[in-house]
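# pasting the sequence and the predicted model now:
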Amino acid sequence: MQKKLFVIILTAAIIALSGIAFAGSSTTQTVTFQVNAINEITVSGNPGSLIVNTATAGSEPDQVSDSSTTYNITTNGSNKKITGQLDSDMPSYTTLTVNLTAPSSGTSAGDVTLSAGAANLVTGINKKKGSSLGITYKFSATVDAGIVSSASRTATLTILDGP
């Protein structure tokens, strides 16, 4: 009887040890992933002051411009556009335009007059990243503007669905 009990205990121990030796040699996990919409735009800083202070006799005052700033864009979407708008309209008889250089997959609208309403600046942007893309602001005033004290406007650039 002792011999049978010993064989049973020994057999149980061997089975238990062999199960430990082989258990856990592989396992599985489920990895869930996704990529969300990415639409990022930044600017390099603010342009310099745009001061109209010269004119040719008999003509409207000379337009001034600034091309010292750039923008960066990253989007993984299709048919995106960049719009621009001001926080409030410009003073009477003055005009502020902006021209954004388009990334390789987009089309620039050229010089666009900015106002409190959004205007398309670049269209047709598809899954693109671009850095140090040019921004040119132009400011003009007619003689009817008179003297305009120093003021500022906040220009907002936004990536939206096109066209």
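Everything's here; your move.

# output the lowest mean pLDDT helix or strand found in the protein.
Between all helices and strands in the chain, the lowest mean by mean pLDDT, DSSP states H and E belongs to helix 2-22, at a mean of 53.

# ranges for the strands of this structure?
39-43, 64-75, 80-86, 94-100, 107-108, 112-113, 119-125, 128-141, 155-161 (DSSP state E).

# quick one, the first one and strand 119-125 angle?
Spelled out, that is strand 39-43. 130 degrees (axes from the mean of the first three to the mean of the last three C-alpha atoms, to 10 degrees).

# do the last one as well
Angle, strand 155-161 to strand 119-125, by the same axes, to 10 degrees: 40 degrees.

# which residues are in contact with strand 155-161?
39-41, 43, 71, 73, 75, 77, 79-87, 98, 100, 114, 118, 121, 125, 137 (C-beta atoms under 8 Å, 6 or more residues apart in numbering). In this view, the C-beta of every residue, glycine as well, is placed from N, C-alpha and C.

# roughly how far does the spatially closest residue to Ser131 that is not a sequence neighbour sit from Gly48?
Spatial nearest neighbour of Ser131, excluding adjacent residues (C-beta to C-beta, 6 or more residues apart in numbering): Asn72 at 4.5 Å. Per C-beta to C-beta, to the nearest Å, Asn72 is found 20 Å from Gly48.

# same question, Thr42
Thr42 is 19 Å from Gly48, by C-beta to C-beta.

# still on that earlier bit, selection in PyMOL covering whichever of the contacts of strand 155-161 are buried, please.
Selection of buried members from the contacts of strand 155-161 for PyMOL, criterion 16 or more other C-beta atoms under 10 Å:
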select buried, resi 39+71+73+75+77+80+81+82+83+84+85+86+98+100+114+121+125+137
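
# now the residue nearest to Ser131, which residues is it bridged with?
Counting by DSSP bridges, Asn72 is bridged to Thr42.

# these two touch, right, it and Ser132?
Yes - Asn72 is in contact with Ser132 according to C-beta atoms under 8 Å; the separation is 7.1 Å.

# thanks again, I'm all set now.
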